[in-house]
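Novice: Let's see this in three dimensions:
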Amino acid sequence: MEGAEAMGALLSKARISKLGMTVVMLSFGLAMVMPFVLMISASFKFSAEAFDDPLRLIPKRINLGNYAEIFHHKYYFRWFLNSMLVAMGVILLKTTVVSMVAYAFAKLHFKGRDTLFVVLMTAMMITPDSTIVARYMQYRYMGLINSLWVLIIPSLFGVYFVFLLRQFFMGIPNELSEAAIIDGASHVGIFTRIIIPLSKPALLTMVLFSFIWSWNDYINPFVFITPVTTQVLTVGLQSFQTEYAVDTSLQMAGVCISLLPVLFIFVFVQDYFVEGIASTGLKG
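Specialist: Below is the predicted model:
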């Protein structure tokens, strides 16, 4: 009898603990979702209401004029296209270069490989903002300033993704590569026919992160690009702000439209996202 009571008490404590954890996690979830909800709400408000009553979720009057003005804006879709070109260029070049570098560090054996990899990893400790003046001088010397290439070419050196893909490639059995070599395959053949097809989760994880980071980048286009027609969306949205006022509703409408590509690509790769992260543990 006493044992049954003790078991019941333990189950009751477990339920209370589970309920408390559920409430905590739900609170964190709502805290993260609310800014997104308020942004959508503000995009349908008039500017005065968005400024005076920002926490009202349902606008007093639905205003579709913000989206109409966005669609008729002189440069908005030019900025949208520029951002898309940069993001696609970053994904294409980074996927090609970083995956080959990661393959070399994971599967090839050459003198000084581990030392070179450690030196490469130290670059992750240098914050990009601390090198922005030096990078500006270098890009100006290379003739990249005020062009979209100034945002694309530097993305080739994705040290974090070299580490990510190297860890994934190291988890692929070497026996597969050895069998392919016996059959006469070169390293190019092994890389394109074995490693890449088996690394889809990690590659799509890199694509997702690269797209989001490139799409949301603000400081680099702000510093390295001046012409309004060459600018990207994150900086272009500032044009809805004047010296004396900010058209908050119009900005929120522009931001809502700009989120559509991010949501689309996340839906496309979400099945591989968790698998890619979980498969890149600290091996060897």
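Novice: domains of the chain?
Specialist: Listed domain ranges for the chain are 2-66, 73-278 (source: automatic domain parsing).
Novice: how about the ones you listed in JSON lines, adding mean neighbour count and mean pLDDT?
Specialist: Yep, even glycine has a C-beta here, placed from its N, CA and C like the rest. Shown next, in JSON lines, are the domains of the chain (neighbours: other CB atoms under 10 Å; pLDDT from 0 to 100):
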{"stretch": "domain 2-66", "mean neighbour count": "12", "mean pLDDT": "76"}
{"stretch": "domain 73-278", "mean neighbour count": "16", "mean pLDDT": "84"}
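Novice: Quick check: the closest residue to K45 other than its chain neighbours vs F191, distance?
Specialist: Distances taken as CB to CB, 6 or more residues apart in numbering place P59 nearest to K45, at 4.4 Å, with adjacent residues excluded. Using CB to CB, to the nearest Å, we find P59 at a distance of 54 Å from F191.
Novice: same thing with F266?
Specialist: F266 is 28 Å from F191, by CB to CB.
Novice: swap in I145?
Specialist: I145 sits at a distance of 35 Å from F191 (criterion: CB to CB).
Novice: same deal with A185?
Specialist: From A185 to F191 the distance is 10 Å (CB to CB).
Novice: ok, now F222?
Specialist: 37 Å.
Novice: Next one, pLDDT for S279 please.
Specialist: On the pLDDT scale, S279 is placed at 52.
Novice: Backbone torsions only: list them for V97.
Specialist: Per-residue torsions, V97: phi -70, psi -50 (degrees, to the nearest 10).
Novice: Going forward, count from 716.
Specialist: Got it, the first residue is 716 from now on, which makes the last one we talked about V812.
Novice: Test my guess that it contacts S870.
Specialist: No. Shown here, V812 and S870 do not form a contact pair, counting by CB atoms under 8 Å, at 9.1 Å.
Novice: Next up, the contacts around N935.
Specialist: N935 sits next to V865, L866, P869 when contact means CB atoms under 8 Å, 6 or more residues apart in numbering.
Novice: how close does it sit to Q853?
Specialist: N935 sits 13 Å away from Q853, going by CB to CB.
Novice: got it, and Y875?
Specialist: With distances taken as CB to CB, Y875 is found 21 Å from Q853.
Novice: repeat for A802
Specialist: Taking CB to CB, one finds A802 at 23 Å from Q853.
Novice: Next: E784.
Specialist: Where Q853 is concerned, E784 sits at a distance of 39 Å (CB to CB).
Novice: before we move on, what about M885?
Specialist: Taking CB to CB, one finds M885 at 33 Å from Q853.
Novice: for H824, same thing?
Specialist: For H824 relative to Q853 (CB to CB), the value is 33 Å.
Novice: Kindly report the same for K760.
Specialist: According to CB to CB, K760 and Q853 sit 44 Å apart.
Novice: For A819, give me its contacts.
Specialist: Neighbours of A819 in contact, by CB under 8 Å, 6+ apart: F825, R828.
Novice: Show the backbone phi and psi for it.
Specialist: phi -60, psi -40.
Novice: What's the first helix or strand after the helix or strand where P916 lies?
Specialist: Secondary structure assignment for P916, by DSSP states H and E: helix 915-930. Counting by DSSP H and E, the element after helix 915-930 in chain order, helix or strand, is helix 934-939.
Novice: starting at the chain centroid, how far to that following helix?
Specialist: Helix 934-939 sits 18 Å away from the centroid of its parent chain (CA atoms, centre = their mean, to the nearest Å).
Novice: same thing with stretch 930-941?
Specialist: On CA atoms, centre = their mean, the centre of stretch 930-941 falls 15 Å from that of its chain.
Novice: Extract the CA atoms of it and return them as CSV.
Specialist: What follows is stretch 930-941, C-alpha atoms only, in CSV (Å, rounded to 0.1, in the frame of the first residue of the first chain):
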residue,chain,number,x,y,z
TRP,A,930,19.8,37.6,-47.6
ASN,A,931,19.9,39.3,-44.1
ASP,A,932,23.4,40.8,-44.5
TYR,A,933,23.3,44.6,-43.8
ILE,A,934,26.7,45.9,-42.8
ASN,A,935,28.6,44.7,-45.9
PRO,A,936,26.3,46.2,-48.6
PHE,A,937,25.9,49.3,-46.4
VAL,A,938,29.7,49.9,-46.4
PHE,A,939,30.8,48.5,-49.8
ILE,A,940,27.9,49.6,-52.1
THR,A,941,26.8,53.2,-52.7
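Novice: Thanks a lot, see you next time.
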